[in-house]
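> give me a model of this one.
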Amino acid sequence: MALYFTSGQVARKLHVSISTLKRWLSSPELEISDNRNYNGWRLFSEDDVETLREFKKNSKRNGKRF
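Residues are numbered from 1 along each chain as shown. Sure, this is the predicted structure:
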């Protein structure tokens, strides 16, 4: 069974705000699945979290601040 995380859990894991996470998700260069639970909340797989972690690292390297 795959493990999924909510937006709040992912934001805490990455040490960013939920609004920052949502802003990142609107970026066309990110390819994150759009899985949702029965309440309509967005769910992230472990691979999605790793992709976001890399996105954060690359953004920091390019001088962006969070």
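> what stretches of this protein score poorly on pLDDT?
Low-confidence segments of the chain, defined by pLDDT under 70: 1, 65-66.
> one more pass at 80, please.
Scanning the chain for pLDDT under 80 picks out 1-2, 62-66.
> can you give me the strands for it?
Secondary structure of the chain (DSSP state E): strands located at 4-6, 35-36, 42-45.
> need the residues that contact the shortest one.
Going back to what we said before, that points to strand 35-36. 4, 42-45 (Cβ atoms under 8 Å, 6 or more residues apart in numbering). Bear in mind the C-beta positions are built from the backbone N, C-alpha and C, glycine included.
> for Asp34, see how far away Tyr4 is.
According to Cβ to Cβ, to the nearest Å, Tyr4 and Asp34 sit 12 Å apart.
> in terms of packing, which of the two has more residues around it?
Set side by side, Tyr4 and Asp34 show more neighbours around Tyr4, with 19 against 9, by other Cβ atoms under 10 Å.
> next up, the contacts around the more buried one.
By Cβ under 8 Å, 6+ apart, Tyr4 lies in contact with 35, 37, 43-45.
> need the strands of the chain in JSON lines with distance to Gly63, can you?
Converted to JSON lines, the strands of the chain look like this (distance: least, Cβ to Cβ, whole Å):
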{"stretch": "strand 4-6", "distance to Gly63": "28"}
{"stretch": "strand 35-36", "distance to Gly63": "32"}
{"stretch": "strand 42-45", "distance to Gly63": "26"}
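> and Glu29, which of those strands is closest to it?
Closest to Glu29 of these, according to Cβ to Cβ: strand 42-45, at 16.9 Å.
> Lys57 and Arg36, how far apart?
27 Å.
> my bad, Ser59
For Ser59, the distance to Arg36 - Cβ to Cβ - is 26 Å.
> count of neighbours near the closest residue to Phe5 other than its chain neighbours?
Leaving aside its chain neighbours, Phe5 sits nearest to Phe44 (4.8 Å; criterion: Cβ to Cβ, 6 or more residues apart in numbering). Other residues within reach of Phe44, judged by other Cβ under 10 Å, total 24.
> scan the chain for its longest helix.
Determined from DSSP state H, the single longest helix within the chain is helix 46-61.
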